[in-house]
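J.: quick one, what's the 3D model for this:
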Amino acid sequence: MVKKKGKSKRITLKDKYKIQRRVVETHRKNRKQAKRDAKAGIVRHDKKKDPGIPNSWPFKQELLQNIKHEKERMEAKKQEEKERRKQHQKGKATNLTELMMQANQKKSEFDARTAGGAALANDDSVRIIAQSHGQQSRRAYLRSLKKVIESSDVILQILDARDPLGTRIHPAIESGILSHFDKRMVLVLNKIDLIPKSNVGEWLTYLRRSHPTVALKAGTTQSRSHESGKSSGIGRSKSENALSSSMAVGVDGLLQLLKNYARASGESKSKKKSKTCITVGIIGYPNVGKSSILNSLKRFRAVGVSPRPGFTTTLQEVV
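T.: Residues are numbered from 1 along each chain as shown. Next up is the predicted model:
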């Protein structure tokens with residue numbers, strides 16, 4: 001038995017175009033009527049009015065009371081949310097001074113909550129005090145820091161330009177470094193391309209009150225060459241859009257400062273011959289750009305870099 005085919009739902013083009021013309025005509029009439037109503041001041045409500053709760057409902061009064069209480073609760077909730085937003089807006093900093101004050105206050109609260117700092121200054125070296133609760137990673141970090149300080153003539157402390165105070169080491173460690181008469185410390189404000197230029201100038205003015213500060217942007221690697229170790233993104237950039245490029249910016253100023261320290265150290269030790277080389281140590285929190293700055297100073301890929309924090313886990317020495 002042959003099954004019958006279903007009737008097609010397609011319509012002729014004549015009927016299709018006829019329906020389209022009627023739709024367009026209806027929309028045109030509605031627009032004209034809306035214009036006439038607007039001129040006459042007539043307001044037409046398309047939605048039907050809610051008839052409300054019928055009087056024959058046995059629990060009408062209880063239902064009305066519940067609806068009233070729910071409305072009052074929602075109004076109180078909205079008012080509380082509004083007050084909370086006002087308090088949140090009131091606590092925000094409006095300028096750099098208030099921002100630094102809030103950052104210092106939060107840092108002091110955090111130090112007090114974690115039982116204070118873990119390093120104290122001594123005449124001979126930076127003495128490490130292990131916390132009673134024990135933090136192996138922190139102790140290992142402080143041991144490596146002590147080795148870097150003892151073997152370096154100039155210490156480069158790398159700061160993230162987005163949070164310079166949060167990425168700065170403990171003041172006790174800085175005091176311990178400066179207690180050595182032959183040690184110099186330089187603050188390096190890295191990643192200046194991630195903040196406005198005006199903020200960079202204000203941070204430099206603030207940080208230079210305590211230590212010499214240099215602002216730069218480390219070069220980023222865009223091509224990897226395993227044969228020669230060269231990287232096209234490491235070096236100097238003289239173009240106008242240097243901050244938006246992958247080249248390093250501000251490296252020449254840092255190199256000149258290190259050369260001045262080398263000459264000054266040589267003259268202080270010997271009046272006849274200047275010192276030809278110095279040992280530079282690089283310290284800082286994870287993911288602030290220590291390896292990238294080292295590659296920028298060497299003008300080639302001397303050490304490995306990664307966007308993952310904690311990629312460099314051991315002490316590295318580059319000649």
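J.: pairing partners for V249 in the sheet, please.
T.: As for beta bridges, V249 partners with K217 under DSSP bridges.
J.: please tell me how far it sits from L294.
T.: Separation of V249 from L294 (C-beta to C-beta, to the nearest Å) stands at 16 Å. Every residue, glycine included, has its C-beta placed from N, CA and C.
J.: next up, phi/psi of the residue nearest the centre of the chain, please.
T.: The centroid of the chain falls nearest to R162 when counting by C-alpha atoms, centre = their mean (5.8 Å). R162 adopts backbone torsions of phi -70, psi -30, taken as degrees, to the nearest 10.
J.: next SSE after the lengthiest helix in the chain?
T.: When the chain is parsed with DSSP state H, its longest helix is helix 60-90. For helix 60-90, the succeeding helix or strand toward the C-terminus, using DSSP states H and E, is helix 96-113.
J.: tally of neighbours for I158?
T.: Number of residues near I158 (other C-beta atoms under 10 Å) recorded here: 25.
J.: one more: V188?
T.: By other C-beta under 10 Å, the residues close to V188 number 24.
J.: one more: H45?
T.: By the criterion of other C-beta under 10 Å, H45 has 6 neighbours.
J.: same question for K107.
T.: Neighbours of K107 (other C-beta under 10 Å): 14.
J.: ok, and the closest non-adjacent residue to it?
T.: Excluding the flanking residues, the one nearest K107 by C-beta to C-beta, 6 or more residues apart in numbering is L165, at 6.8 Å.
J.: quick one: secondary structure of the one you found?
T.: What DSSP: H, G, I helix; E, B strand; the rest coil gives for L165 is coil.
J.: again, but for L156
T.: With three-state DSSP as the basis, L156 sits in strand.
J.: next, count neighbours for it.
T.: A count of nearby residues for L156, using other C-beta under 10 Å, gives 24.
J.: distance-wise, check Q89 relative to R28.
T.: 49 Å.
J.: typo on my end, it should be S296
T.: Distance, S296 to R28, using C-beta to C-beta: 69 Å.
J.: got it, and H180?
T.: 89 Å.
J.: okay, these two: which has more neighbours?
T.: Each of H180 and R28 has its neighbours counted (other C-beta under 10 Å); H180 has more, 16 against 10.
J.: sec struct for that one, please.
T.: coil.
J.: can you pull the contacts of it?
T.: Residues near H180 by C-beta atoms under 8 Å, 6 or more residues apart in numbering: I149.
J.: hmm, try it at 6 Å
T.: Contacts for H180 (C-beta atoms under 6 Å, 6 or more residues apart in numbering) come out as none.
J.: next: the one 5 residues further on.
T.: For M185, the set of contacting residues under the criterion of C-beta under 6 Å, 6+ apart consists of I155, I177, H211.
J.: state the distance from the second one to Y206.
T.: Here the criterion is C-beta to C-beta. By it, I177 lies 20 Å from Y206.
J.: more neighbours: which of the two?
T.: Ranked by neighbour count (other C-beta under 10 Å), I177 and Y206 place I177 first, with 24 against 15.
J.: tell me what the helix or strand harbouring the more buried one is packed against?
T.: In this assignment (DSSP H and E), I177 forms part of helix 171-178. When contacts are defined as 3 or more C-beta pairs under 6 Å, 6 or more residues apart in numbering; DSSP states H and E, helix 171-178 packs onto strand 119-120.
J.: any idea how far V24 is from R10?
T.: Remark: distance between R10 and V24 (C-beta to C-beta) = 22 Å.
J.: I meant W57, not that one.
T.: Using C-beta to C-beta, we find W57 at a distance of 47 Å from V24.
J.: same check on G201?
T.: To V24, G201 is 63 Å away according to C-beta to C-beta.
J.: again, but for K191
T.: For K191 relative to V24 (C-beta to C-beta), the value is 59 Å.
J.: one more: H45?
T.: Between H45 and V24 the distance is 26 Å, computed by C-beta to C-beta.
J.: check T167 too.
T.: 65 Å.
J.: circling back: the more surrounded of K191 and V24?
T.: Neighbour tally, K191 and V24, criterion other C-beta under 10 Å: the higher count belongs to K191, 18 against 10.
J.: state the pLDDT value of that one.
T.: Listed pLDDT for K191 reads 86.
J.: that one touches L159, doesn't it?
T.: No. The criterion here is C-beta atoms under 6 Å, and K191 misses it with L159 at 9.0 Å.
J.: pLDDT below threshold where in the stretch 101-250 of the chain?
T.: Flagging of the stretch 101-250 of the chain using pLDDT under 70 yields the residue ranges 115-138, 220-248.
J.: what segments of this protein are strands?
T.: Secondary structure of the chain (DSSP state E): strands at 119-120, 127-128, 154-160, 184-190, 213-215, 280-283.
J.: now those strands as JSON lines including distance to N260?
T.: Converted to JSON lines, the strands of the chain look like this (distance: least, C-beta to C-beta, whole Å):
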{"stretch": "strand 119-120", "distance to N260": "29"}
{"stretch": "strand 127-128", "distance to N260": "31"}
{"stretch": "strand 154-160", "distance to N260": "10"}
{"stretch": "strand 184-190", "distance to N260": "10"}
{"stretch": "strand 213-215", "distance to N260": "12"}
{"stretch": "strand 280-283", "distance to N260": "13"}
